[in-house]
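S.K.: Pasted the sequence and its predicted model underneath.
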Amino acid sequence: MTHYLNFINGQWCDSHTHISVINPATAQEYSTIASASVDDANNAMLAARQCISRGLLSDVRPAVRTTWMLDAAKAIKEIADEGALALCRENGKTLADAKDEFLEAARYFEYYGGMADKLEGTSIPLGKNYIDFTQYIPMGVSVQIVPWNFPVSICARSLAPALAAGNAVVIKSPEISPVGMVYLVRALESVGFPRGAINLLCGKGSVVGSHLVEHNDVNQIVFTGSVPTGQRILKGAAERATPSVMELGGKSAAIVLKDAATEKVISSVQTGIFFNAGQVCSAMSRLLIDKARYEEIKSAVVTMAENLVIGSGEEQADLTPVVSQAQQISVLAMIEQAKKEGATILCGGYAPDLAGYYVAPTVIEATPDMSISQQEVFGPVLVIMPFEDEQQAVKIANGTEFGLVAGVFGEALNQTLQVAQQLRGGQVFINEWFAGGIETPFGGVGLSGFGREKGQEAIYSYMQTRNIAIRL
Ligand code: NAD
């Protein structure tokens, strides 16, 4: 069994206490990792601050950062197979999905590496006696808190634009599933980034995470995780007016219009809610179906769900375990609550008799006001319901406190676009769930958070504008 370490100021460091990493497919310990202390967090913040104050990232020509970023992308691809095996075993996801996380991480470094030397300010005309221009300058020390569901790709999603823009980063990996990120940072270590530019700490959120976000040296917080943790962090950030990006939860709805193509709906439902065992912030957790198509689509969804092969990530099963016993208990408790409120379980709703932390693919018929229709489950649980007309569909889709993504299925472009434009959320998919990419801005409204990751837009969250106004 391998013991993994934290990366502080260019050194791999052990700690007095360790965190046990469990394989959710077997419920057995897979490895251990050093649990960072508050002193470790202070050392990482000092290293990042020194990297910034010495100008090690910001004073080089931006093209040098581009080279580091592109070298990093190459190095990540080289370790993708090795890293994917670790990520699959610690997290439960399939080997293919775990490898995709590393390849996506490499893409973030390519994409933002390509932007590092193109972050140009503007010249502002003020008449003949003045010269005025803007510059983009880094925020400074960026503290980035990462969740367990896509630890490698989410880490790279924030780390790559931050480094491209010239920030030093202190990353807090999740207590569950921290090992893949160790492989990611090992790959980055092999390229030219200066000492202190990247620091990785695994440790308790309530101890190390909260210490980092409230540290005097933090210039920016990027948090991806649950709503209650995000709210707690924001209260602290308010004290110091620390700029923050919040990527929180969701309860996203897909609307199936009368003329939707059945095969597009069903394949999107499969990836939308059963990919990564439904542990996706932008999962399709609600399916709203035109009443004229309700019975047909409902029956096709249930048949698809019942035919999914349940098994481990190493077996490349259709439905893999949820990440932990606590997550399994939480998902099952929400299903029980749905039953108490009068919802109908159409399939699943139980833990299969297997060694790991599995939840059978579950489809629940519920009304819009039930807790299962309002709260994020973060498991393989789809809520379905019919609607009378498009106005009602939009009202139901927009009727939660979240607003991350949404979707519309329909063949008539005008009508589909008209519905799409009324949906509350940072991204709307038409005729394919997860149709975007790393090039498309992503983020939420309402309790789903604020700020945007991905796309060209995201890099502007990692910089501040300075205006230079000159009287000639
Ligand atoms: P979580 O909030 O429990 O933990 C997220 C991270 O915050 C972990 O690293 C944890 O250690 C840390 N943390 C906990 N308490 C903290 C504190 N007081 N101060 C600082 N850090 C602290 O979330 P989770 O269970 O790991 O992730 C699941 C949640 O993340 C879901 O709600 C999901 O929707 C959301 N999520 C959102 C996105 C997005 O891009 N919008 C992506 C993935 C996951």
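M.R.: All right, it came through fine. It should be emphasised that the depicted structure is a prediction, and the values quoted were computed from it without experimental measurement.
S.K.: For the rest of this, base every contact and every neighbour count on C-alpha atoms.
M.R.: Noted.
S.K.: what stretches of the stretch 51-200 of the chain score poorly on pLDDT?
M.R.: Applying pLDDT under 70 to the stretch 51-200 of the chain flags no residue at all.
S.K.: how does it look with 90?
M.R.: Within the stretch 51-200 of the chain, the stretches with pLDDT under 90 are 190, 192.
S.K.: What are the boundaries of the helices in the stretch 201-350 of the chain?
M.R.: Using DSSP state H, counting those that start in this stretch, the helices found in the stretch 201-350 of the chain span residues 210-213, 227-240, 262-269, 294-306, 325-340.
S.K.: can you check the stretch 1-150 of the chain too?
M.R.: 38-53, 62-78, 80-91, 95-116.
S.K.: Kindly reformat those as JSON lines containing distance to Pro161 and mean neighbour count.
M.R.: Shown next, in JSON lines, are these (distance: least, Cα to Cα, whole Å; neighbours: other Cα atoms under 10 Å):
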{"stretch": "helix 38-53", "distance to Pro161": "16", "mean neighbour count": "21"}
{"stretch": "helix 62-78", "distance to Pro161": "10", "mean neighbour count": "21"}
{"stretch": "helix 80-91", "distance to Pro161": "20", "mean neighbour count": "24"}
{"stretch": "helix 95-116", "distance to Pro161": "5", "mean neighbour count": "24"}
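S.K.: Of all these, which one is nearest Tyr358?
M.R.: Closest approach to Tyr358 among the helices of the stretch 1-150 of the chain is made by helix 80-91 (12.4 Å; Cα to Cα).
S.K.: And that closest one, how far out from the chain middle?
M.R.: Centre-to-centre, helix 80-91 and its host chain are 18 Å apart (Cα atoms, centre = their mean, to the nearest Å).
S.K.: now the angle between helix 62-78 and it, please.
M.R.: Put simply, helix 80-91 runs at 70 degrees to helix 62-78, going by axes from the mean of the first three to the mean of the last three Cα atoms, to 10 degrees.
S.K.: I'd like the helices of the stretch 201-350 of the chain written out as TSV, with distance to Arg107, mean pLDDT and mean neighbour count added.
M.R.: Converted to TSV, those look like this (distance: least, Cα to Cα, whole Å; pLDDT from 0 to 100; neighbours: other Cα atoms under 10 Å):
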stretch	distance to Arg107	mean pLDDT	mean neighbour count
helix 210-213	28	98	21
helix 227-240	27	96	15
helix 262-269	24	98	18
helix 294-306	32	98	17
helix 325-340	30	98	17
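S.K.: So for the ligand, which of the ones you listed sits nearest?
M.R.: helix 210-213 (3.5 Å; Cα to the nearest ligand atom).
S.K.: which residues are contacting the closest one?
M.R.: Val38, Ala41, Asn42, Met45, Val143, Val218, Ile221, Ile233, Gly236, Ala237 (Cα atoms under 8 Å, 6 or more residues apart in numbering).
S.K.: filter those residues by proximity to the ligand?
M.R.: Ile233 (Cα under 6 Å from any ligand atom).
S.K.: of the contacts of helix 210-213, closest to the ligand?
M.R.: For those, the nearest to the ligand is Ile233 (5.7 Å; Cα to the nearest ligand atom).
S.K.: Format the helices of the stretch 201-350 of the chain as TSV; extra columns: distance to Gly83.
M.R.: Listed next are those as TSV, based on distance: least, Cα to Cα, whole Å:
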stretch	distance to Gly83
helix 210-213	27
helix 227-240	28
helix 262-269	28
helix 294-306	30
helix 325-340	24
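S.K.: closest one to Leu288 among those?
M.R.: helix 294-306 (8.7 Å).
S.K.: follow-up on the earlier one: of the contacts of helix 210-213, which is the nearest to Val394?
M.R.: For the contacts of helix 210-213, the minimum distance to Val394 (Cα to Cα) is 31.9 Å, reached by Ile233.
S.K.: mind listing what that closest one touches?
M.R.: Contacts of Ile233 by Cα under 8 Å, 6+ apart are Ser210, Val213.
S.K.: how many neighbours does the closest residue to Ile176 other than its chain neighbours have?
M.R.: Of all residues not flanking Ile176 in the chain, Trp148 sits nearest, at 5.9 Å (Cα to Cα, 6 or more residues apart in numbering). As a burial measure, Trp148 scores 19 neighbours (other Cα atoms under 10 Å).
S.K.: The most centrally placed residue in the chain in helix, strand or coil?
M.R.: The residue lying closest to the centre of the chain (Cα atoms, centre = their mean) is Ile154, at 4.7 Å. Secondary structure, DSSP: H, G, I helix; E, B strand; the rest coil: Ile154 is helix.
S.K.: Pull the contacting residues for the residue lying closest to it once chain neighbours are set aside.
M.R.: Setting aside the residues directly before and after it, Ile154 is nearest to Val146 in space (Cα to Cα, 6+ apart), at 6.8 Å. When contacts are counted by Cα under 8 Å, 6+ apart, Val146 touches Ile154, Cys155, Ile171, Lys172, Ser173, Pro174, Phe223, Thr224, Gly225.
S.K.: do the same with Ala420
M.R.: For Ala420, the contacting residues are Gly407, Val408, Val428, Ile430, by Cα under 8 Å, 6+ apart.
S.K.: Could you report the neighbour count for Asn216?
M.R.: 10.
S.K.: Hmm, I typed the wrong one, I wanted Glu388.
M.R.: Using other Cα under 10 Å, Glu388 has 11 neighbouring residues.
S.K.: need the contact list for the residue lying closest to Ala116 once chain neighbours are set aside.
M.R.: Spatial nearest neighbour of Ala116, excluding adjacent residues (Cα to Cα, 6+ apart): Ala164 at 4.8 Å. Contact partners of Ala164, counting by Cα under 8 Å, 6+ apart, are Arg65, Thr66, Met69, Tyr112, Gly113, Met115, Ala116.
S.K.: roughly how far apart are the fourth one and Leu85?
M.R.: When distances are taken as Cα to Cα, to the nearest Å, Tyr112 and Leu85 turn out to be 26 Å apart.
S.K.: do the second one as well
M.R.: Taking Cα to Cα as the measure, Thr66 falls 29 Å from Leu85.
S.K.: Before I go, just wanted to say thanks for your time.
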